[in-house]
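Chemist: requesting a structural model of the entry that follows:
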Amino acid sequence: MPVERWSVTQVESLAPDATSVKAARGLSGAGSWSSAGRLDDIVWGVCRSYQVCVDLTGPAFKCSCPSRKIPCKHSLGLLLRWAESDVSGEPAPAFAVEWQAAAKAEAKPRAATTPDPAAAARRAEQRAERVAGGMAELRRWLDDQVQLGLAGAQRGGHQPFETMAARLVDAQAPGAAGAVRRLGSFAGIGPHWADRLLGELALLRLLVSGHERLSELTPELAATVRSRIGFPVATEEVLAGARVSDRWQVLGQVDTDDGALTTRRTWLHGAAHDRFALVLLFAAAGQPLTADLVPGTEFRGDLTFYPGSAPLRALVASRDSGAEPFRSPDGATGLGPALAGWASTVAAEPWRYDAPVLLAGVTPTDDGWLADTTGHALPLAAGHREPWWLLAASGAAPVTVAAEWSPSGLRPLAAWVDGEFVPAAPPLPDPGTTRGPELPPEMLAAALVGTARRPWAGSAPLLDTAAVALTARRAAVMPATGRSGVPASPPETSPALPSAAGRRLARILADGVPGGSQLAQELLAQWLAAAAERAGHVPPATLPTLLDAGRRNSIIRPSIARVAGRRGQWLAGMRADWRWLRDEAAAPAEATQATVSSDDVWETGTLGERLGHLTALRRTAPGRARELVESTWAKESSDDRARFLGAFGTGLSLDDDAFLEQALDDRRKEVREAALELLRGLPGASLGVRMAERARAAVQVEHRQIGAGRLVVTPPEELTAELRRDGVGATPARGTGVSAWLLEEVVAGAPLSTWSDPATMLGLARGTDWELPLLHGWAKAATAQGDTAWTTTLLGQASAGLRESVRWDLHLVLPSDELGRLAAEALRREDGMANRLLALHSGRWPDELSVAVIETIAHRARTDRHTWQLSELCRAAAVAMPPSYADPVGRLALQLDQEPADQSRVRPVADLARALIFRREMFEELQQ
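Modeler: All right, here's what the predicted structure looks like:
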């Protein structure tokens, strides 16, 4: 039976590092693979010249590239392609068939070698003697700490602990050495450090006592003591033990890095035996971890457990099936039974600090707990107390959560929402969360002062008593009561966007696009704009990252507001730096429709609801909308007044003139500027009439009896209060006199209908003393009023005389095709202004420009000495060239790759081809 396709999240969990994930996403498109397919449980593909195979039942990886990472970016890219869009069914090539046969041959058991039992016994005896000496020294050291008092540890720092740990390393007790070394990391640091230090010293004393009585302990408990001290257990010995056959569900993974060693903890759960298992993997710094267990998948097979009193650590002895996703884990329980299992584990192994739990029907509270429907709750650990990932994915509906429970609280591993696996987000900095004390104050007081000065009056030594008290407290923990989860999110009223589009969004948010983070921001804006036009809501799990993106970039906020859905609005109401979503003018369509028929929302709604109501009302009854704004104008904040004026662009008419005139007297600059922008675009507005009168008074055409007329210019004498009110700037441009500046500003504010045709006016102004201020005034007016006739004439006849900023603003008024034509001509004549014109061209490039860019790329890739110009051009084309040009660019990249060219010139072209393919697939997914 073929392996069911994995999710993108499950594939990405196999990556050895974040860099590999980003590189793999760039190779996941069909354009990166000349061929790809399936052979039984093997996915194969050819990426450029590299031959790639992945055995899904392992998983196991084979690639002909020189990378030392396992899996490499090509293997991950092939898996991502399989997960997102599957692969073709074409016949497998010879390399895939050969690798499949080799993998089966390697799976056969090999003959085991027989070690020398006598030599092994001697080595074991010598180590036992060393460990016994080290544990005896540890006992004396522990007694000294309590006798002298823990207060000295605050002054001594970590060095005494390092010294003792080094002695234990010499005694071949690495487990005990690590425990002592960890004490130095918190001794004297933070609140309740003494309580924590005493508890850990007590558990070490309990370990020493266990070693002293090793022969009296049960075999299981003796194995636990030996393991905690650091006696190794051979893999062969573990695999030779009893096997537990089950359907093993991979719940989640946690990677930790201490600088020298990376450790991966993978938790599994056996569905039939209701048993947890922990698989540990280790890698030296900079080396990848083996990725053979995929969270959210299950397999049938055998596990063998390391010996111990509470056996959790295990090895995968065999697999009888491939890894397949599962909808929800079996064996989830309530909080009470989960803690009962924890209590049994601690009772059997007091040194264990954490254990897995599988909680059913829990929701986050608003103060950092997980609660079930009965009101019982457990706290979340530091760094996990704001589980936005879980709130976004579940909408605060009860779900199943896998977590590690410890005295610090719950550390979530994953959740299952409507049959979908949702991995937990990484922990966040949480300096405000501290652990409370776990030991009685009288024990702590005696330990701080030291038993030499304050003898301990208990029936047993202080450390022994503390060990019992600590274990009893941890085992007896019970859920808190009287807590309830966050109220559930309202149901969505819009359809979900296509699932493929949702996966694409997740890739973009994770910078998993060709070109990296620089291109990801542009692609995110394009994706959001296209999704907003299609209508629908994004996958809820993407909302936290999406809201953070909107927090950093206000330009994409309106589009986010249209696709965030009701879940996004609900989520934004719980976090201050996401409240922008609720204040956004582009309120969800359902909110707008619900409020358009009633004005009550104007008095009681949020800013976003009021803006949505105002915008909708401006379409149907602009006068009524204006009356609402006028009714509350005096008590609105200046920011809100400016926002409300922004809605007047819809349905703008001369009926709004009087109200906008009043806004020109507002005390805030933002409000005045918003009113000025509206009035300048309103034909017949009082502002335009006044500015036209001033312009005609300043510039008059004197007609002669013979020949053409001439301009008589009389600029304003001073900047009056009336001119300031009507938007005339007080600060002249550099190098411009006051009179010339006032003339320029007056002409800029007058409607262009004040003058004759642009060619005539430019001809009259040419050669006069006031030519430059007149040209700049007309150019500003053409930009503000969007007049293409004046713009074309000015650029064609007077471009050289304009200031650079004014000249480039004029280009923004040109139609897209005209601007594209100018950019194409500049590229063909290798004009330096071509890049500037390309940057000004917003939206999709016209065909003429796209063809010119491809021709320029081909020329530069073969001839340019410097690659930065080629790279910049390819980056610009990646976001603006129509995706339909992906195939021509891909053929160009292939041609360049086969030519004896510098690969640094080929790479930007290949990246452009991948980016265009990415955009093409992105838009196609949104049309499904």
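
Chemist: hey, let's count contacts and neighbours off CA atoms from now on
Modeler: Fine.

Chemist: low pLDDT regions in the stretch 151-300 of the chain?
Modeler: Within the stretch 151-300 of the chain, the segments meeting pLDDT under 70 span 285-287.

Chemist: quick one, strands of it?
Modeler: For the stretch 151-300 of the chain, the strands defined by DSSP state E, counting those that start in this stretch occupy 243-257, 261-270, 275-284, 297-305.

Chemist: distance from stretch 148-156 to the middle of the chain?
Modeler: Offset of stretch 148-156 from its chain centre (C-alpha atoms, centre = their mean, to the nearest Å): 44 Å.

Chemist: what residues are up against Arg319?
Modeler: Residues counted as contacts of Arg319 (C-alpha atoms under 8 Å, 6 or more residues apart in numbering) are 57, 299-302.

Chemist: ok, now with 7 Å
Modeler: 299-302 (C-alpha atoms under 7 Å, 6 or more residues apart in numbering).

Chemist: beta partners of Val43?
Modeler: Note on Val43: beta-bridge partners Arg38, Val54, judged by DSSP bridges.

Chemist: least trustworthy helix or strand in the protein by mean pLDDT?
Modeler: One helix or strand of the chain scores below all others by mean pLDDT, DSSP states H and E: helix 589-595, with a mean of 40.

Chemist: can I get the strands of the stretch 151-300 of the chain in JSON lines with distance to Trp755 and mean neighbour count?
Modeler: Putting these into JSON lines (distance: least, C-alpha to C-alpha, whole Å; neighbours: other C-alpha atoms under 10 Å) gives the following:
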{"stretch": "strand 243-257", "distance to Trp755": "72", "mean neighbour count": "20"}
{"stretch": "strand 261-270", "distance to Trp755": "75", "mean neighbour count": "21"}
{"stretch": "strand 275-284", "distance to Trp755": "78", "mean neighbour count": "18"}
{"stretch": "strand 297-305", "distance to Trp755": "74", "mean neighbour count": "22"}
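
Chemist: redo those strands as CSV? Include distance to Gly485.
Modeler: Shown next, in CSV, are these (distance: least, C-alpha to C-alpha, whole Å):
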stretch, distance to Gly485
strand 243-257, 23
strand 261-270, 26
strand 275-284, 27
strand 297-305, 29
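
Chemist: report the rounded mean pLDDT for the helix of greatest length in the chain.
Modeler: The residue-count maximum for a helix in the chain (DSSP state H) belongs to helix 117-148. Throughout helix 117-148, pLDDT has a mean value of 88.

Chemist: list the buried ones in it?
Modeler: Within helix 117-148, the residues that count as buried by 16 or more other C-alpha atoms under 10 Å are 127-128, 131-132, 134-135, 137-139, 142-143, 145-148.

Chemist: how about stretch 851-866?
Modeler: The neighbour-count check on stretch 851-866 (16+ other C-alpha under 10 Å) flags 851-854, 856-858, 860-861 as buried.

Chemist: Cys65 should be in a helix, yeah?
Modeler: No: looking at Cys65 with DSSP: H, G, I helix; E, B strand; the rest coil, it is coil, so not inside a helix.

Chemist: which residue sits closest to it, ignoring its sequence neighbours?
Modeler: In space, and not counting its chain neighbours, Cys65 is closest to Tyr50: 5.8 Å by C-alpha to C-alpha, 6 or more residues apart in numbering.

Chemist: ditto for Lys62
Modeler: Cys53 (5.1 Å).

Chemist: show me what contacts that neighbour?
Modeler: If you count contacts by C-alpha under 7 Å, 6+ apart, Cys53 has them with 42-45, 61-63, 75, 96.

Chemist: could I get those residues as CSV with pLDDT, distance to Ala572 and neighbour count?
Modeler: CSV is the format used below for the contacts of Cys53 (pLDDT from 0 to 100; distance: C-alpha to C-alpha, whole Å; neighbours: other C-alpha atoms under 10 Å):
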residue, pLDDT, distance to Ala572, neighbour count
Ile42, 85, 44, 23
Val43, 88, 42, 23
Trp44, 88, 44, 28
Gly45, 89, 43, 29
Phe61, 86, 42, 20
Lys62, 87, 45, 18
Cys63, 89, 45, 21
Ser75, 88, 38, 27
Ala96, 86, 50, 23
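
Chemist: which strands and helices sit next to the longest helix of the chain?
Modeler: helix 193-212 (3 or more C-alpha pairs under 7 Å, 6 or more residues apart in numbering; DSSP states H and E).

Chemist: from the chain's centroid, how far away is the helix it packs on?
Modeler: 41 Å.

Chemist: packing partners of that helix?
Modeler: helix 117-148, helix 219-229, helix 462-475.

Chemist: now the ones you listed as JSON lines including distance to Glu404?
Modeler: Formatted as JSON lines, the helices and strands packed on helix 193-212 follow (distance: least, C-alpha to C-alpha, whole Å):
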{"stretch": "helix 117-148", "distance to Glu404": "30"}
{"stretch": "helix 219-229", "distance to Glu404": "20"}
{"stretch": "helix 462-475", "distance to Glu404": "14"}
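
Chemist: how about the ones you listed, which one is nearest Gly612?
Modeler: The closest of the helices and strands packed on helix 193-212 to Gly612 is helix 462-475. By C-alpha to C-alpha, the value is 53.4 Å.

Chemist: so where's this structure uncertain?
Modeler: In the chain, residues with pLDDT under 70: 1-4, 104-116, 285-287, 432-434, 585-599, 704-708, 866, 901.
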